[in-house]
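In: Dropping a prediction and its sequence here:
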Amino acid sequence: MRINAKTSEKIAKVLIWTAALLVIAILFSIIIHILIKGIPMLSWQFLTDIPRDMGRSGGISSSIVGTLIVTAVAVIVATPFGIGTAIYLTEYTRESRVTRIIRFSAESLAGIPSIVYGLFGFIFFVIYLKMGWSILSGGLTMAIMILPTIIRTSEEAIRTVPQLYREVGFSLGLTKWQAITRTVLPSALPGIVNGVILSIGRCVAETAAVILTAGSALRMPTSIFSPTRTMAVHFYILAREGISMDNAYGTAALLIILILLLNVGFNMLVNRFIAKGR
């Protein structure tokens, strides 16, 4: 029996909407489950106290600080390299063997499992460079991990800027670099920021690479050379070893809330920046 075009289109729409709603339902069910279990654990003492008795009691203040510093180190190191590479690929070179090699390298890095990054960071940063288990080792390893994401999202964002913007800048006497910094990058900023936000989310949620490079110390870090335990690692250890499921749910809930606040905050800043530019 042959189905006509209109019927097949309706069937396709139903299947697409069903798949999309199913994904949304699964996502919200996981988030709601974690928040219901974890929000009752969130208190001022839980947020400001350090973990005690291997995490069975106390709070997660040292893990919060460690997570923020490791993520900051990774983003500060990776963002200039990622955006600079994207600018080179889109503005300063044509399609060639070099650009193909760069894109292939970025895609290959994006497909490497996180445990491999962790082993590389452990051998290179922790042992060879003698940084030890530290925030710096973890941050540099995470910077390598998120670099492909920033490169590809920044490149796509820059490519969406109309060529007319560049031509208008040149007609006004701007140099190539001035046209890039004053017209291209501000127009591509939302896409670039989205890439950075995705990278921040990966840094915050990463466990395998961080536990092998930043360590799992429960004490409050005093510098970037101190070992630390991020919230994702803390949650993983508490849940895997059955130390305290209540504290594990509380840590997971705080992770979700933190990522949500970061996304909303960055988007508000970008929108305000764009509004001022207009």
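Out: Nice, I can see it.

In: C-alpha only now, for contacts and for neighbours.
Out: Will do.

In: and the one residue sitting closest to the centre of the chain, what element?
Out: Taking C-alpha atoms, centre = their mean as the criterion, Ser199 is the residue nearest the geometric centre of the chain, at 2.0 Å. For Ser199, the host element (DSSP states H and E) is helix 185-205.

In: quick one: contacts of the helix or strand just after that helix?
Out: Of the helices and strands lying after helix 185-205 in sequence (DSSP H and E), the nearest is helix 208-213. With contacts defined as C-alpha atoms under 8 Å, 6 or more residues apart in numbering, helix 208-213 is touched by 114-119, 121-122, 125-126, 132-135, 137-138, 141-142, 229-230, 233.

In: same check, this time on stretch 154-167
Out: 82-83, 86-87, 89-90, 179-180, 183-185, 187-192, 195.

In: got the contact list for stretch 79-98?
Out: Residues from elsewhere that reach stretch 79-98 (C-alpha under 8 Å, 6+ apart): 99, 147-148, 150-152, 154-155, 158-159, 192, 196.

In: in it, what's buried?
Out: 79, 82-83, 85-87, 89-91 (16 or more other C-alpha atoms under 10 Å).

In: Which ones among those residues map onto helices?
Out: Judged by DSSP state H, the buried residues of stretch 79-98 include 79, 82-83, 85-87, 89-91 as members of helices.

In: circling back: with respect to Ala5, which of the buried residues of stretch 79-98 is nearest?
Out: Thr90 (40.8 Å; C-alpha to C-alpha).

In: re the thing from before, can you add distance to Lys13 and pLDDT and give the buried residues of stretch 79-98 back as a markdown table?
Out: Shown next, in a markdown table, are the buried residues of stretch 79-98 (distance: C-alpha to C-alpha, whole Å; pLDDT from 0 to 100):
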| residue | distance to Lys13 | pLDDT |
| --- | --- | --- |
| Thr79 | 39 | 93 |
| Gly82 | 38 | 93 |
| Ile83 | 38 | 92 |
| Thr85 | 39 | 91 |
| Ala86 | 36 | 91 |
| Ile87 | 39 | 91 |
| Leu89 | 38 | 88 |
| Thr90 | 36 | 88 |
| Glu91 | 39 | 86 |
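
In: Of those residues, which is the nearest to Gly242?
Out: For the buried residues of stretch 79-98, the residue nearest Gly242 by C-alpha to C-alpha is Thr79; the value is 37.2 Å.

In: For the closest one, give its distance to Arg152.
Out: Counting by C-alpha to C-alpha, to the nearest Å, the separation of Thr79 from Arg152 is 12 Å.
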